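A.B. asks: only geometry, no sequence info:
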């Protein structure tokens, strides 16, 4: 068994090719931001009924995936599974880069992104949004310290343990904050539930692990490094458990809603008659993002089926986007119930399902966020010693994997 | 009878609790970043002390084909609804049909000027704020256009300005990329008109379905009407203590 060696990525056409591709997406998103800034949100598909659209789906996906990616390193440092240690650096880097990508999309979709500084010095402590500003910026600092303790020489193991524990608690707080953006909205039938916070934590475990594995597979394959099949298999099985946990929360959430008569109309709409939202729920979220990945990940031959792992991780990500679209857009599409017992109509879409057709520029902004996250991660791997060069099964302690 | 309001006393309100807890936690967690104001409070100079401005709307007197209040608001504040989903709507007419009986009704809906406004709770910068006299407003200078208040409002009372605006009224500044809504004609109240554009218009039609006044003044016409005849709040289940009340829904 050799010592794990971390090396910067070498300058190869493939590495720079991926970077250039990401840069092109980021540039396109930048152009979209200027375009929307100039014309106003009139050029997007969003309106006064669907106020958060595709950009929020991308932003929130990236933000919760960020906290989930960090788990990969927490499993090593907090829970003592040393087999995960060699990939801890990448997990930390990815946590920061995904968060930056998500926040960029969130901020650039504001009506007045130029006023962001306003959110730094006029502050409302009753707003979970405002709290998230502290939680997100604090997360970057905490993860940076954690990364330092992982990378520096002669660091007291107790410092590493403390930093990793703080980062783990912080990430739980962060995702609780993100879920509570929705959970604490009393006005809307689709939200207004404390389960949003733990459900978002489960989603972060799942989406973060999937994103981590995709980046790991991509990086090791274009740099011809090894991704220990033992570790990959172990992570794949864990991803399967996380996917199941998400489904569990989804089931409990919907069953609880169905039990409440006042939420019955919403449930029968979203689960049966909601058109695109119903399709995205059953086909996108449950089938593509849940059942199929679980079949793949719990396949008895998963250890030799690298393609299954790749496909499953991709499907989990796609299902995650579908789930967030259903939560964010579907939740707004269902009309607000202001007059129980009455049918309502007005010139302002009262009593009807709100319509939203996303414009392509919203997707460009969203993909720009993903590209920004990958570019930051790529540059980090290029210039820092993040990715192990010799992560073969022989170098991952088998006794630690076996338990 | 007087509309019950909260007295400042030994009891601590939910918002105070959140705010103080938040402040303390922040000082502990991030002592370096506390150079910031603690929520928005309007300057209450020149206001009627102890007032809580409100509206009483009698749906029984509001004909379905009348939208004088909506037109008056649009003219007063310079917003225009051309039927697009992106157009603002500070006040709208809603038609109700009782599912069990088929009885039809009509009424205007606007910002309900909650005593416990969810929009104020969620606003990250404190741009959404409530004045001492109960009027809920948006500070257009500190609104960053995040639209979280629109997600939180149970009444769809807020609109987002989706494009450049021209021909603005001096008293109602508006801005692309910020959120806006009924401000209870705060400029008229502050200059002592004692009414709002929508109420004026409604009274001019002779329908007299809308009444404006100080809910906290037991001598006021609105307080007497509320004390005499049954009226309801929308979404009373949320416990927001609204400044707008309805009769004969």
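C.D. replies: Perfect, I can see it now. What you see is a predicted model, and the numbers here were worked out from it, not measured in a lab.

A.B. asks: can stretch A:258-267 be found next to chain B?
C.D. replies: No: counting by C-beta under 8 Å from any C-beta of the partner chain, chain B is not contacted by stretch A:258-267; separation bottoms out at 8.9 Å. Every C-beta, even on glycine, is put in place using the N, C-alpha and C of the backbone.

A.B. asks: how about that stretch: buried residues?
C.D. replies: Neighbour-count burial for stretch A:258-267 flags A:263, A:266, A:267 (criterion: 16 or more other C-beta atoms under 10 Å in any protein chain shown).

A.B. asks: quick check: mean pLDDT across it?
C.D. replies: Mean per-residue pLDDT for stretch A:258-267: 94.

A.B. asks: what does stretch A:81-88 give?
C.D. replies: Here the average pLDDT along stretch A:81-88 is 88.

A.B. asks: who touches it?
C.D. replies: Here stretch A:81-88 makes contact (C-beta atoms under 8 Å, 6 or more residues apart in numbering or on different chains) with A:4, A:72-73, A:75-77, A:150, A:212, A:216, A:230-231, A:234, A:388, A:391, A:395-397, A:400-401.

A.B. asks: who does residue B:108 form a beta bridge with?
C.D. replies: On the basis of DSSP bridges, residue B:108 is bridged to residue B:93.

A.B. asks: pull the contacting residues for it.
C.D. replies: Residue B:108 neighbours (C-beta under 8 Å, 6+ apart): B:57, B:62, B:69, B:70, B:91, B:92, B:93, B:94, B:198, B:210.

A.B. asks: measure the fourth one to residue B:89 for me?
C.D. replies: Per C-beta to C-beta, to the nearest Å, residue B:70 is found 8 Å from residue B:89.

A.B. asks: how about the residue in chain B that chain A sits nearest to, nearest residue that isn't a chain neighbour?
C.D. replies: Chain B approaches chain A most closely through residue B:145 (1.8 Å), counting by C-beta to the nearest C-beta. Nearest non-adjacent residue to residue B:145, counting by C-beta to C-beta, 6 or more residues apart in numbering or on different chains: residue A:111, 1.8 Å away.

A.B. asks: next up, the contacts around the one you found.
C.D. replies: Residues in contact with residue A:111 (C-beta under 8 Å, 6+ apart) are A:41, B:143, B:144, B:145, B:146, B:147, B:160, B:161, B:176, B:177, B:178, B:179.

A.B. asks: that older thread, ok, the residue of chain B closest to chain A touching residue B:179?
C.D. replies: Yes: at 6.7 Å, residue B:145 and residue B:179 qualify as touching, with contact defined as C-beta atoms under 8 Å.

A.B. asks: among these two, which residue is more densely surrounded?
C.D. replies: Legend: neighbour count by other C-beta atoms under 10 Å in any protein chain shown for residue B:145 and residue B:179, higher for residue B:179 (28 against 23).

A.B. asks: is chain A contacted by stretch B:176-194?
C.D. replies: Yes: with C-beta under 8 Å from any C-beta as the measure, stretch B:176-194 is seen reaching chain A through B:176, B:177, B:178, B:179.

A.B. asks: list, one by one, the residues from the stretch 1-150 of chain A near chain B.
C.D. replies: Counting by C-beta under 8 Å from any C-beta, the stretch 1-150 of chain A sits next to chain B at A:39-42, A:47-49, A:51-52, A:110-113, A:115-116, A:118-131, A:133-134, A:138.

A.B. asks: helix or strand: which one has the residue of the stretch 1-150 of chain A found nearest chain B?
C.D. replies: Using C-beta to the nearest C-beta, the single residue of the stretch 1-150 of chain A nearest to chain B is residue A:111, 1.8 Å away. Under the criterion of DSSP states H and E, residue A:111 resides outside all helices and strands.

A.B. asks: for chain B, which segments count as strands?
C.D. replies: Using DSSP state E, the strands of chain B run over residues B:37-38, B:53-58, B:91-98, B:104-110, B:128-130, B:136-138, B:158-160, B:179-181, B:210-214, B:244-247.

A.B. asks: same check, this time on the stretch 201-350 of chain A
C.D. replies: Under the criterion DSSP state E, counting those that start in this stretch, strands of the stretch 201-350 of chain A are mapped to A:342-346.

A.B. asks: give me the domain ranges for chain B.
C.D. replies: Domains of chain B are assigned by automatic domain parsing as B:9-38, B:50-247.

A.B. asks: can you count the residues close to residue A:116?
C.D. replies: Neighbours of residue A:116 (other C-beta under 10 Å): 15.

A.B. asks: in space, what's closest to it - neighbours in sequence excluded?
C.D. replies: Nearest residue to residue A:116, sequence neighbours excluded (C-beta to C-beta, 6+ apart): residue A:107, at 5.7 Å.

A.B. asks: which SSE is the one you found in?
C.D. replies: Using DSSP H and E, residue A:107 falls within helix A:88-108.

A.B. asks: give me the buried positions along that helix.
C.D. replies: Residues A:88-106, A:108 are the ones in helix A:88-108 that count as buried (16+ other C-beta under 10 Å).

A.B. asks: give the other helices and strands that the helix or strand just after that helix contacts.
C.D. replies: Counting by DSSP H and E, the next helix or strand C-terminal to helix A:88-108 is helix A:118-121. Counting contacts by 3 or more C-beta pairs under 8 Å, 6 or more residues apart in numbering or on different chains; DSSP states H and E, helix A:118-121 packs against helix A:128-151.

A.B. asks: by contact count, what packs against the helix it packs on?
C.D. replies: Going by 3+ C-beta pairs under 8 Å, 6+ apart, helix A:128-151 lies up against helix A:54-77, helix A:88-108, helix A:118-121, helix A:157-183, helix B:14-29.

A.B. asks: what's the burial count for residue B:247?
C.D. replies: For residue B:247, the neighbour count with other C-beta under 10 Å is 19.

A.B. asks: what's the answer for residue B:87, then?
C.D. replies: Using other C-beta under 10 Å, residue B:87 is surrounded by 19 other residues.

A.B. asks: which residues are in contact with it?
C.D. replies: Residue B:87 neighbours (C-beta under 8 Å, 6+ apart): A:48, B:79, B:80, B:81, B:159.

A.B. asks: now the two most distant members of those.
C.D. replies: Distance extremes for the contacts of residue B:87: the farthest pair is A:48 and B:80 at 13.4 Å, using C-beta to C-beta.

A.B. asks: so, low pLDDT: which residues of the chain?
C.D. replies: Assuming you mean chain A. By pLDDT under 70, the weakly predicted segments of chain A are A:397-403.

A.B. asks: can you look at chain B instead?
C.D. replies: Counting by pLDDT under 70, chain B has low-confidence residues at B:1-47.

A.B. asks: go ahead and confirm residue A:297 touches residue A:309.
C.D. replies: Yes: shown here, residue A:297 and residue A:309 form a contact pair, counting by C-beta under 8 Å, at 7.4 Å.

A.B. asks: now do the end-to-end distance for stretch B:136-155.
C.D. replies: End-to-end span of stretch B:136-155 (C-alpha to C-alpha, to the nearest Å): 13 Å.

A.B. asks: distance from it to the middle of the chain?
C.D. replies: On the basis of C-alpha atoms, centre = their mean, to the nearest Å, stretch B:136-155 sits 12 Å off its chain's mean C-alpha point.

A.B. asks: ditto for stretch B:214-232
C.D. replies: For stretch B:214-232, the distance to the chain centre is 18 Å (C-alpha atoms, centre = their mean).

A.B. asks: before we move on, what about stretch A:343-363?
C.D. replies: Relative to its parent chain, stretch A:343-363 has a centroid offset of 27 Å by C-alpha atoms, centre = their mean.

A.B. asks: now that stretch: buried residues?
C.D. replies: Neighbour-count burial for stretch A:343-363, counted by 16+ other C-beta under 10 Å, picks out A:344-346, A:348-351, A:353-354, A:356, A:358-359, A:361-363.
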